[in-house]
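K.L.:
sharing a model that was predicted from the sequence below.
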Amino acid sequence: MADVSREVVEHVAMLARLQLTEDESDRLQKELGRILEYADKLQAIDTDEVEGTSHVIPMTNVYREDQVGVSLDVEEVVANAPDAAEDFFRVPRIVEE
Amino acid sequence: MKLYELTAYELSERLTSGEVSAAEVTEAYFERIESVEEKVAAYLELTQDVAMEQARQVDDWRAGGEQPGPLAGVPVAIKDVLCTRGIRTTCGSKMLKGFRPPYDATTVRRCRDAGMPMLGKTNMDEFAMGSSTENSAYKVTRNPWDLDRVPGGSSGGSAAAVAAGMAPIALGSDTGGSIRQPAALCGISGLKPTYGRVSRYGLVAYASSLDQVGPLARDVRDCALAMNVLAGRDQYDATSADVDVPDYVAALTGDVEGLRAGVPKELMGEGIDPAVRTTIEAAIGQFEELGMAIEEVEMPNLDHSLPVYYVIAPAEAASNLARYDGVRYGHRTEEDVSDVYDLFAKTRGEGFGPEVRLRIMLGTFALSAGYYDAYYLKAQKVRTLIKQDFDAAFEDHDVLLCPTSPTVAFGIGEKADDPLQMKLAHVCTIPVNLAGIPALSIPCGMVDAMPVGLQIMGRPFEEATIMRVGDAYQRATDYHRQRPEL
């Protein structure tokens, strides 16, 4: 099994903004190890002369005229917010006074 | 024959001739849903009022002498991964519980514009991550052929709905096989179009370099009808391709004489259940009888597809799912939070299910400092090798044939605790997404009283060719006419 330490699991969970229980960290440590061991098979393949593929269909940047169009309905958008006031999303205070 | 047993094509003929009304067809589907949905659990949400209003509008058009398109009045079910304005779209996740999108996905809008009454939203693995639809946060969908087995996934609700006669056509999404594998396991036809052929606007993103929207239906002709509605450039999706769209129904000539098919050795090997392999070999024999030339091809890099996919897809997912922060929409923790980090971490820890958490962790790891080159970049390079194998195979072959799934549908709960075993369910379909090419799954026989799917892969933007091949097979066989008893 690939070596995934508890510190790595906790660091990655912090990067991903995921709060994990102890049990969940145990499970993820094991499963990450198993899957990364599987992914490690790729290391044996010679790719020195190979470019990576990020997009499979040949495509260049797409431009268009900058025109005013129809925007989303503000009421409909804000209706989905967990907390809102008037036309704004409301969040817990994040800046100290 | 009952209305819900007809294909979309047959319904279209009866609607156009005035033999039935769109309202009658839509009502017939809701009656069918009423009688079998309790057993199958394909839908997360039914939209009867919306559907009946659309149906009556289509009837008004026809009464007024208008000639709407061929699918006007033919109902459609929508996978819950596609945004439907004002109608709950959860993606099978608690994270999006109660979310009502302020806009329609382009594919949904195209169905509406075509006059297709929307029956409802279908169940799926959470955020389209899974092969069995067991990862849904809401319910377990059952395979209509055997209620103790899974329908496949992640578009399991869409596949089960079509197989059970609860929708003539359903939309799905396919990132690693999520249209084709459930189509195979439920004994129906399903098409993953070329990357860029169909707009992804309003498709809740999983892995953006792999995702495509496509149809599931009773036969290939119905897939072609649906593709005539779905395909084409969309100004709201810059990756949708500006490539001419042919008339896919007109392309179904029945003539495949002289076409060359390759059978990739790597997708017929020891990982394939022997009875499934025998069934696929018999189907390949049928293509020879139809005048196609068949030969084995070697595509050695396909063996690397699964590890490549399980680096690239989670990496893209980790980036895409960063948007779920509990601020603008979706779940927000109700616990006290000390700061903004705490708000995000608690919200996300609560809102995502186990498989989604695993993939976010995997992807975040693969993209993190010190591991990016070894995992993500390496996987992208091997992806190039896989693409090159396809390019080489398509120089001498018009289509490639293989099983869609290495086994028939497995039991509910059978693989739920083994993530790697579960991932093998998409071993034959994943290479197609990595190469961006189109592929079709059609039923080609039964093993253990469960349907087997044959996968037909084609060159980029040659959906017409693979559907012509699939349709020719269905003209010569009747596996696609078999229906489960419910």
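P.N.:
Alright, I've got the coordinates. Numbering: from 1, shown residues only, chains lettered A, B, ... in the order given.
K.L.:
identify the residues contacting the host helix or strand of residue B:33?
P.N.:
Here residue B:33 sits within helix B:22-40, counting by DSSP states H and E. By Cβ atoms under 8 Å, 6 or more residues apart in numbering or on different chains, the surrounding residues in contact with helix B:22-40 are B:2-4, B:11, B:15, B:43, B:46, B:48, B:51-52, B:54-56, B:58-59, B:62, B:72-75, B:115, B:117, B:119-120, B:141-142, B:144, B:147, B:160-161, B:164-168, B:486. (Glycine included, C-beta is placed from N, CA and C.)
K.L.:
tally of neighbours for the closest residue to residue B:185 other than its chain neighbours?
P.N.:
Spatially, and ignoring its direct neighbours in sequence, residue B:185 is nearest to residue B:152 (3.7 Å; Cβ to Cβ, 6 or more residues apart in numbering or on different chains). As a burial measure, residue B:152 scores 36 neighbours (other Cβ atoms under 10 Å in any protein chain shown).
K.L.:
the one 3 residues further on too?
P.N.:
By the measure other Cβ under 10 Å, the count of residues near residue B:155 is 36.
K.L.:
check residue B:462 too.
P.N.:
Residue B:462 has 19 neighbours, counted by other Cβ under 10 Å.
K.L.:
correct me if wrong: it contacts residue B:439.
P.N.:
No. Residue B:462 is beyond contact range of residue B:439, at 10.7 Å (criterion: Cβ atoms under 8 Å).
K.L.:
how many other residues sit next to residue A:3?
P.N.:
Neighbour count for residue A:3, taken as other Cβ under 10 Å: 8.
K.L.:
and it, what element?
P.N.:
Using DSSP H and E, residue A:3 is not contained in any helix or strand.
K.L.:
thought it was touching residue A:33?
P.N.:
Yes. Here residue A:3 reaches residue A:33: they are 7.3 Å apart, a contact under Cβ under 8 Å.
K.L.:
which non-adjacent residue is nearest whatever residue of the stretch 151-300 of chain B ends up closest to chain A?
P.N.:
The minimum distance from the stretch 151-300 of chain B to chain A, using Cβ to the nearest Cβ, falls at residue B:238 (4.3 Å). Nearest residue to residue B:238 in three dimensions, chain neighbours excluded: residue A:62, at 4.3 Å (Cβ to Cβ, 6+ apart).
K.L.:
in contact with the spatially most central residue of chain A, which residues?
P.N.:
For chain A, the residue sitting closest to the mean C-alpha position, by Cα atoms, centre = their mean, is residue A:16 at 6.8 Å. By Cβ under 8 Å, 6+ apart, residue A:16 lies in contact with B:318, B:348, B:360-361, B:364.
K.L.:
which stretches of the stretch 251-400 of chain B form strands?
P.N.:
According to DSSP state E, counting those that start in this stretch, the stretch 251-400 of chain B carries its strands in the segments B:260-264, B:293-297, B:399-403.
K.L.:
could you identify which of the ones you listed is most buried?
P.N.:
The highest average neighbour count among the strands of the stretch 251-400 of chain B, using mean count of other Cβ atoms under 10 Å in any protein chain shown, belongs to strand B:399-403 at a mean of 26.
K.L.:
the helix ranked longest in chain A: how far from the chain's middle?
P.N.:
For chain A, the helix reaching the highest residue count under DSSP state H is reported as helix A:22-39. Averaged C-alpha coordinates place helix A:22-39 at 18 Å from its chain's average position (Cα atoms, centre = their mean, to the nearest Å).
K.L.:
which strands or helices does that helix pack on?
P.N.:
Judged by 3 or more Cβ pairs under 8 Å, 6 or more residues apart in numbering or on different chains; DSSP states H and E, the packing partners of helix A:22-39 are helix A:6-15, helix B:305-320, helix B:354-367, helix B:419-423.
K.L.:
contacts for that helix, please.
P.N.:
Applying Cβ under 8 Å, 6+ apart, the external contacts of helix A:22-39 come out as A:1-6, A:9-10, A:13, A:20, B:306-307, B:310-311, B:354, B:357-358, B:361-362, B:365-366, B:375, B:379, B:419-420.
K.L.:
out of those, which end up buried?
P.N.:
Buried by 16 or more other Cβ atoms under 10 Å in any protein chain shown: A:4, A:9, A:13, A:20, B:306-307, B:310-311, B:357-358, B:361-362, B:365-366, B:375, B:379, B:419, out of the contacts of helix A:22-39.
K.L.:
and after the strand or helix carrying residue B:191, which helix or strand comes next?
P.N.:
Using DSSP H and E, residue B:191 falls within strand B:189-192. Sequence-wise, the next helix or strand downstream of strand B:189-192 (DSSP H and E) is strand B:212-217.
K.L.:
can you name every helix or strand that that following strand contacts?
P.N.:
Counting by 3+ Cβ pairs under 8 Å, 6+ apart, strand B:212-217 packs on helix B:156-163, strand B:169-174, strand B:189-192, helix B:220-230.
K.L.:
got a list of contacts for the longest one?
P.N.:
Think helix B:220-230. The list of residues contacting helix B:220-230 from outside it, by Cβ under 8 Å, 6+ apart, reads B:7-9, B:12, B:69-71, B:76, B:107, B:110-111, B:114, B:116, B:168-169, B:171, B:189-191, B:193, B:198, B:213-217, B:245, B:247-249, B:251-252, B:440, B:442, B:463, B:467, B:470-471, B:474, B:480.
K.L.:
the residues you listed, buried ones only, as a ChimeraX selection?
P.N.:
For the buried members of these, the matching ChimeraX selection, counting by 16+ other Cβ under 10 Å, is:
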select /B:7,8,9,12,69,70,71,76,107,110,111,114,116,168,169,171,189,190,191,193,198,213,214,215,216,217,245,248,249,251,252,440,442,463,467,470,471,474,480
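K.L.:
coming back round to it: figure out which of the strands of the stretch 251-400 of chain B is closest to residue B:82.
P.N.:
If you check each of the strands of the stretch 251-400 of chain B against residue B:82 by Cβ to Cβ, strand B:399-403 wins as the nearest, at 27.9 Å.
K.L.:
and that closest one with strand B:293-297, angle?
P.N.:
On the basis of axes from the mean of the first three to the mean of the last three Cα atoms, to 10 degrees, strand B:399-403 is oriented at 70 degrees to strand B:293-297.
K.L.:
for stretch B:15-27, which residues meet the burial criterion?
P.N.:
For stretch B:15-27, the neighbour count (16+ other Cβ under 10 Å) marks B:15, B:20-27 as buried.
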